[in-house]
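K.L.:
build the 3D model from these lines:
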Amino acid sequence: MLQRLALLVCLILPAAVAEAQTFPDRPIRIIVPINPGGGTDIFARKLAELAAPELGQPVVVENRPGGSGTIGVQHVVDARPDGYTLGFLLNTPVTAAPHTLGTRYGPESFTSILSVGHSAYTLCAQPGFPANTLQEFIAAIRARPGEYTWGNEGLGGAMHLGVERILRRLDLSMTTVPFQGAGQTLPAFLGGHITFYGGSVVGAMPAVRAGTAKCLLLTTAEDHPALPAASGLGSLGLADHAITIWWGLFAPNGIPADRLDRIAATFLKAARSEAFGQVVESQGATWRVEEGPAMAAQIRAEHAALGGVARDLGLAKPSR
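P.N.:
Presented below is the predicted three-dimensional model:
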């Protein structure tokens, strides 16, 4: 009997070792839950490009937009946990949409691998708007309650909830106009259809560089060197209301530990490379790599905070 068990172990162990050593043996997919072209897509593609040689297999980026990013996230959550399907996300689908759209997933439904950085959200005015500082911006809005409009990434998204929280704290009233990302918000702003662009600094930078927008409010506590006219929430004593757009890599729960370790080590190396950092910073974002546990803690904290705002605005829906 002991001889048979020993023989069985001898047969199983080499097969298991061989499987671990050959992973991956086919291309890996990274699901991006929004349309191509924005910062999320740019960062995902650069990360895939840098990781592929280390893995010895192509890393293919696949865009699956819809439902404020929830369709793509759900696809990753439901994927087979074999290490061949990963996701590159921004925070709205995981910290805001579960409250406002009633998703089938929550913060514990997936494995956080790493986050790569963040960007402030910003509100920007046309060059001729009668305000050149944050204080003047606040005074102008307060003088005409409800008259101005601001675009954002979508009703119930992280920016919408985060900025509404700030506006309520400052006793400011504006009409929100939801879009589907900077690709729609920026043209509407430049065309004069809304008063203020609302979105990430990354999305605003083309207009800032062209001199067609002046950004005055930042949703981070600190200021931003690329936006000298804008001020962060720290200048108003509201640093605790800070909200950013951030990006990270995640995976379905249940991937074998050896595969997950290989994935994490490879993508962390890619994310910490100067080549990747240059891409992030060239988009006006802050390059800051955090490992899985720190990313998971950030998700839980933001999920709880935005849930409170969604309930206050009457936008909360039960999970499905």
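K.L.:
so how far is Ile31 from Gly198?
P.N.:
26 Å (CB to CB, to the nearest Å). Bear in mind the C-beta positions are built from the backbone N, C-alpha and C, glycine included.
K.L.:
neighbour count winner among the two?
P.N.:
Using other CB atoms under 10 Å as the criterion, Gly198 and Ile31 rank with Gly198 on top: 30 against 23.
K.L.:
could I get the full set of helices for this structure?
P.N.:
Shown for the chain, the helices assigned by DSSP state H span residues 2-22, 39-55, 70-78, 97-100, 134-143, 158-170, 182-190, 201-210, 257-271, 274-282, 292-312.
K.L.:
residues in contact with the last one?
P.N.:
Outside helix 292-312, the residues that touch it by CB atoms under 8 Å, 6 or more residues apart in numbering are 91, 94-96, 98-100, 106-107, 111-115, 156, 158, 161-162, 164-165, 168, 243, 246, 248, 264, 290, 316.
K.L.:
now these: which count as buried?
P.N.:
Among the contacts of helix 292-312, the ones that count as buried by 16 or more other CB atoms under 10 Å are 91, 94-96, 98-100, 107, 111-115, 156, 158, 161-162, 164-165, 243, 246, 248, 264, 290, 316.
K.L.:
please name the bridge partners of Gly117.
P.N.:
On the basis of DSSP bridges, Gly117 is bridged to Trp247, Trp287.
K.L.:
for Leu283, grab phi and psi.
P.N.:
One correction, residue 283 is Gln, not Leu. The phi/psi pair for Gln283 (degrees, to the nearest 10) reads phi -90, psi 0.
K.L.:
what sits against it?
P.N.:
Residues in contact with Gln283 (CB under 8 Å, 6+ apart) are Gly39, Ile42, Phe43, Ser119, Val202, Met205.
K.L.:
same thing but at 7 Å, please
P.N.:
The contact partners of Gln283, by CB atoms under 7 Å, 6 or more residues apart in numbering, come to Gly39, Ile42, Val202, Met205.
K.L.:
same check, this time on Tyr84
P.N.:
For Tyr84, the contact set (CB under 7 Å, 6+ apart) comprises Pro24, Arg26, Ile28, Arg29.
K.L.:
now those residues in a markdown table, with distance to Gly87 and pLDDT?
P.N.:
Shown next, in a markdown table, are those (distance: CB to CB, whole Å; pLDDT from 0 to 100):
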| residue | distance to Gly87 | pLDDT |
| --- | --- | --- |
| Pro24 | 16 | 97 |
| Arg26 | 18 | 97 |
| Ile28 | 11 | 98 |
| Arg29 | 9 | 98 |
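K.L.:
which among those residues end up buried?
P.N.:
By neighbour count, with 16+ other CB under 10 Å, the contacts of Tyr84 hold Pro24, Ile28, Arg29 as buried.
K.L.:
wait, which of those residues is closest to Ala143?
P.N.:
Checking the buried ones among the contacts of Tyr84 against Ala143 by CB to CB gives Arg29 as the nearest, at 51.5 Å.
K.L.:
surely the closest one meets Gln57?
P.N.:
No: between Arg29 and Gln57 there is no contact under CB atoms under 7 Å: 10.8 Å.
K.L.:
can you show me the CA trace of stretch 288-295 as PDB?
P.N.:
Presented in PDB, the C-alpha positions along stretch 288-295 are these (Å, rounded to 0.1, in the frame of the first residue of the first chain):
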ATOM      1  CA  ARG A 288       2.400  55.400  -7.600                       C
ATOM      2  CA  VAL A 289       2.600  51.600  -7.600                       C
ATOM      3  CA  GLU A 290       0.800  49.800  -4.700                       C
ATOM      4  CA  GLU A 291       0.600  46.100  -4.200                       C
ATOM      5  CA  GLY A 292      -2.600  44.000  -3.800                       C
ATOM      6  CA  PRO A 293      -3.300  44.400  -0.100                       C
ATOM      7  CA  ALA A 294      -3.000  48.300  -0.200                       C
ATOM      8  CA  MET A 295      -5.200  48.400  -3.300                       C
END
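K.L.:
leaving out chain neighbours, which residue sits closest to the residue most central in space within the chain?
P.N.:
Geometric centre of the chain, nearest residue: Leu90, 1.8 Å, by CA atoms, centre = their mean. Nearest residue to Leu90, sequence neighbours excluded (CB to CB, 6 or more residues apart in numbering): Thr40, at 4.9 Å.
K.L.:
number of residues surrounding that neighbour?
P.N.:
24.
K.L.:
wait, doesn't it sit right on Gly87?
P.N.:
No: the pair Thr40 / Gly87 is not scored as a contact, 10.7 Å apart, by CB under 7 Å.
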